[in-house]
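In: dropping a prediction and its sequence here:
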Amino acid sequence: MEDVFNTPQTCKVELEVLGHKVSLAQNPNSQHHGTTVWDSSIVFVKYLEKNSKKGEFSRAKLHSKRVLELGAGCGLSGLGMALLGCEVVVTDQAEVVPLLRRNMERNMARAKYSALEYSHLGPIGSVEVAELDWGNQQQAEALNPPFDYIIGTDVVYKEHLLPPLLESVLALAGPKTTLLLGYEFRDSGVKEKLQELFSQHFAIKKITHSKMDAKFQHSNIDLYIMRLIRPDASAQEDKSSAEQECPSSQEPSASSPQSDEAHCNAVQDSGVSSISSSNDLISKESTEIAHEKASEATPADADETQSSISERWEAGRVGSMAARLLRDVQIPPT
C-alpha cells in the first residue's frame, strides 16, 4: 500500500488499467481541483480491474451499461468504465471540459487501436463529454437520464458541495441506478454530512479493502456502493441487501501525502464532444503506438509494466510531507 499514488504537481499521469496503457494530462498551474488525477480515482479503476472477471462489476455484467461520471476532472474513473464496455458520459464544469475532452479523445483512440490488435483486452465502450454544473436541472435533463450507474471519485471536499451534488444525483438516477462514490477522508464533518444526506435516499455500503487491489488502496480512501431506497421496502431491507453484496469492514484512517514536481503548461481544448467514433484519432495514434512497446500484449508483460510504474511512483514520494501540508490550504472558489 502506497502513501500516495499521484502528485498534482506533475503534468502527466501514466498507469496501466485493464491491460491498456493510460496517459492522462493534468494541469498543475490551474487553481481548479478538477485538473488533477486524485488518488481515489486510481483506487477505483484498480478496484474495477481486480473485479472485472466475475461479480457485479465484471465485464460481462457491465457491457453496454449507461454510466454518468460526476466531477470527472481528468476522466480516469469514467475511462475505466468505458474500458469495460460501458457507454459513458463524463461531466464537469465548463473550465475543466477542455482538459477532460483531450484526455478522453487520446485514450479512447489508443484503447480502440489496442483492442483491435489484442483481442484478449475485450470490447471497448464509448465516451461522451458534457458540461454539468451540479444542481442545474436543465443540463441534467439534457443528458437523457436515468443511468445504470452514476460514479464520482473525490468529488466532495467541502460541506456546501453536498446538497447540489445530491440534487444532481437524484435528477440523473432511476429506481435501478447504482451510485459508486470514491471518498478520501480529509474532514470528519464532510464525511458525516455526506452520510447524513445520502442515507435519506440511499442504502449505503462501504466496499471492504479486501476486495480492492492489494497495492492500490489506502486506509484513508473508501469506495461506497449506494442504491436508492425502494418506496415499497424498508430502509433496513435495502441495507441488508447491500450488506450481502459487500460485507462491512473497519479500517483505520491515515494521512495521504503529496509530493512536489515541476510545473507544465495548461492544456488546450481539442473541440470534440463525442469520443465514440474517433476514427481519425485512431489513425493518428496508430503510427505513434506502433512504435511503442505494447505493454498489454501478454499478462506477464502487463505485470512487469505495472511493477515498473509502481517503482517510479514510490521513488517520487521522497520529501512528500511538505506538499501534503499544502493540500489543506484554502483556495478561494473560482
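Out: Yep, that arrived. Numbers count the residues shown, from 1 in each chain.

In: what does whichever helix or strand Val169 is part of contact?
Out: Per DSSP states H and E, Val169 falls inside helix 162-172. Contact with helix 162-172 is made by 68, 70, 132-137, 140-141, 143, 145-147, 150, 152, 155-156, 179, 190, 193-194, 197-198, 201, as judged by Cβ atoms under 8 Å, 6 or more residues apart in numbering. From N, CA and C alone the C-beta is placed, and that goes for glycine too.

In: so after that helix, what's the next helix or strand?
Out: strand 178-184.

In: between that following strand and helix 162-172, how many degrees?
Out: Per axes from the mean of the first three to the mean of the last three Cα atoms, to 10 degrees, the angle that strand 178-184 makes with helix 162-172 is 160 degrees.

In: just checking, what packs against strand 178-184?
Out: helix 39-50, strand 149-153, strand 221-228 (3 or more Cβ pairs under 8 Å, 6 or more residues apart in numbering; DSSP states H and E).

In: within the sheet, what are the partner strands of that strand, with directions?
Out: strand 149-153 (parallel), strand 221-228 (antiparallel) (DSSP bridges).

In: export the first one as PDB, just CAs?
Out: Looking back up the chat, that one is strand 149-153. This file holds the C-alpha atoms of strand 149-153, laid out as PDB (Å, rounded to 0.1, in the frame of the first residue of the first chain):
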ATOM      1  CA  TYR A 149     -24.500   3.700 -12.900                       C
ATOM      2  CA  ILE A 150     -23.500   7.100 -11.600                       C
ATOM      3  CA  ILE A 151     -19.900   7.400 -10.400                       C
ATOM      4  CA  GLY A 152     -17.800  10.000  -8.700                       C
ATOM      5  CA  THR A 153     -14.400   9.900  -7.100                       C
END
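
In: give me the mean pLDDT for it.
Out: Strand 149-153 shows a mean pLDDT of 98.

In: can you check the last one too?
Out: For strand 221-228, the mean pLDDT works out to 97.

In: hmm, back to that, in TSV: the strands paired with strand 178-184, plus mean neighbour count.
Out: Shown next, in TSV, are the strands paired with strand 178-184 (neighbours: other Cβ atoms under 10 Å):
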stretch	mean neighbour count
strand 149-153	25
strand 221-228	22
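
In: show me where this structure has helices.
Out: 39-50, 59-62, 76-83, 97-117, 137-142, 162-172, 188-198, 235-245, 279-290, 299-315, 321-326 (DSSP state H).
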